[in-house]
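Enquirer: Provide a 3D model corresponding to the input given below.
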Amino acid sequence: QVQLVESGGGSVQTGNSLRLSCVGSGRTFAPLAMGWFRQAPGKEREFVAASNWIGRDIHYADSVKGRFTISRDNAKDTVFLQMNSLKPEDTGVYYCAADDRRFSDRVSPDQSGFVFWGQGTQVTVSS
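Expert: Prediction:
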């Protein structure tokens with residue numbers, strides 16, 4: 001089992017930045033692909049960004065490309081989401097998640113592949 005805890009959310013104005021962190025405990029997530037997802041009020045959870053275990057296969061949702069960056073520190077079982085130029089439509093609860101496949105060269109944005117989930121951290125962007 002991998003336990004994930006997100007932090008770093010908050011309320012900011014349009015154009016500002018936030019950096020989300022997700023720390024793992026229990027089993028190390030160093031060999032696992034990691035992803036960030038978000039859920040806006042009244043909407044389904046959607047993919048934001050994902051990285052394979054070593055950060056060489058990375059994907060972003062079109063809506064965040066060029067503004068968000070996923071990175072990871074496997075030695076510290078931590079994955080980050082740097083969010084710049086935030087927009088009101090980025091508002092939502094952000095979740096980190098871990099895939100259960102070890103040392104995979106690829107990562108898929110498909111939520112069904114992610115089996116361990118954090119509780120989420122709220123991000124609110126006001127105009």
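Enquirer: And the strands in this structure, which stretches?
Expert: Listed in chain order, the strands of the chain (DSSP state E) span residues 2-7, 10-13, 18-26, 32-39, 46-51, 58-60, 68-73, 78-83, 92-102, 114-117, 121-126.
Enquirer: out of these, deepest packed?
Expert: Of all those, strand 32-39 has the most neighbours on average by mean count of other CB atoms under 10 Å, namely a mean of 25. All C-beta spots, glycine's among them, are computed from the backbone N, C-alpha and C.
Enquirer: Direction included, what does it pair against?
Expert: Here strand 32-39 has these sheet partners by DSSP bridges: strand 46-51 (antiparallel), strand 92-102 (antiparallel).
Enquirer: Send me the shortest one as PDB with only the CA atoms.
Expert: To tie it back to what came earlier, the one meant is strand 46-51. Extracted in PDB, the C-alpha atoms of strand 46-51 (Å, rounded to 0.1, in the frame of the first residue of the first chain):
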ATOM      1  CA  GLU A  46      -9.900  14.900 -15.000                       C
ATOM      2  CA  PHE A  47      -6.300  14.300 -15.800                       C
ATOM      3  CA  VAL A  48      -3.800  17.000 -15.300                       C
ATOM      4  CA  ALA A  49      -0.300  15.600 -15.500                       C
ATOM      5  CA  ALA A  50       1.600  12.300 -15.200                       C
ATOM      6  CA  SER A  51       5.200  11.100 -15.000                       C
END
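Enquirer: Okay then, goodbye and thanks.
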